[in-house]
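[1] from the sequence below, what's the structure:
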Amino acid sequence: METYEKVLTIIDVGRRLFLPDGCLPASPRSEECHGIELQVKDDGGNLWNFGCMRRSWDKRKLVIGSGWLQFVRSKELHSGDIVIFHREDDIFTGAHYKIEVKRSDNSSSVHKKEV
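    Model prediction:
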């Protein structure tokens with residue numbers, strides 16, 4: 001099930017990823033000021049930890065900060081590339097996300113990672 005798709009901006013690949021409220025059900029809710037950590041495991045078995053939070057002055061946006069830039073650099077993401085988040089439920093491991101990366105140049109290079 002596709003949860004959310006976003007074309008990455010210069011800020012998304014240079015600083016942090018901004019997502020709208022409610023696009024990822026596991027994210028902190030609007031009324032919460034603190035954040036959570038999303039653990040991301042890629043196809044190679046590498047574990048990524050993304051810090052997710054809401055800013056007190058704009059609770060309509062989810063901010064993925066810590067760990068995001070390392071992921072961007074590792075995957076060589078650029079402005080215009082697309083990330084697609086998919087939520088999957090597994091009876092053994094529970095709910096998790098997969099993130100699919102599509103290159104903006106429409107090349108056949110597509111990378112899938114688990115969130």
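
[2] would you mark the buried spots in stretch 62-78?
    62, 63, 64, 67, 68, 69, 71, 72, 75, 77 (16 or more other Cβ atoms under 10 Å). For every residue, glycine as well, the C-beta is placed using N, CA and C.

[3] to clarify, my last question referred to stretch 99-106.
    Buried, per 16+ other Cβ under 10 Å, within stretch 99-106: 99, 101, 102, 103.

[4] as TSV, these with pLDDT would be great.
    Converted to TSV, those look like this (pLDDT from 0 to 100):
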residue	pLDDT
99	79
101	83
102	86
103	87
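
[5] continuing past the biggest helix by length in the chain, what's the next helix or strand?
    The single longest helix within the chain, with elements called by DSSP state H, is helix 68-75. Using DSSP states H and E, the next helix or strand after helix 68-75 towards the C-terminus is strand 82-90.

[6] now do that next one against helix 68-75, angle only.
    Orientation check (axes from the mean of the first three to the mean of the last three Cα atoms, to 10 degrees): strand 82-90 against helix 68-75 gives 100 degrees.

[7] coming back round to it: would you turn the buried residues of stretch 62-78 into TSV with distance to residue 53 and pLDDT?
    Listed next are the buried residues of stretch 62-78 as TSV, based on distance: Cβ to Cβ, whole Å; pLDDT from 0 to 100:
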residue	distance to residue 53	pLDDT
62	8	80
63	5	85
64	8	86
67	12	89
68	12	92
69	15	94
71	17	90
72	18	93
75	22	89
77	21	92
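
[8] okay, these in a markdown table with distance to residue 5 next?
    Output for the buried residues of stretch 62-78, formatted as a markdown table (distance: Cβ to Cβ, whole Å):
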| residue | distance to residue 5 |
| --- | --- |
| 62 | 15 |
| 63 | 18 |
| 64 | 15 |
| 67 | 21 |
| 68 | 17 |
| 69 | 21 |
| 71 | 17 |
| 72 | 17 |
| 75 | 16 |
| 77 | 14 |
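
[9] any idea which of the residues you listed is closest to residue 37?
    Comparing the buried residues of stretch 62-78 against residue 37 with Cβ to Cβ places residue 67 closest, at 8.3 Å.
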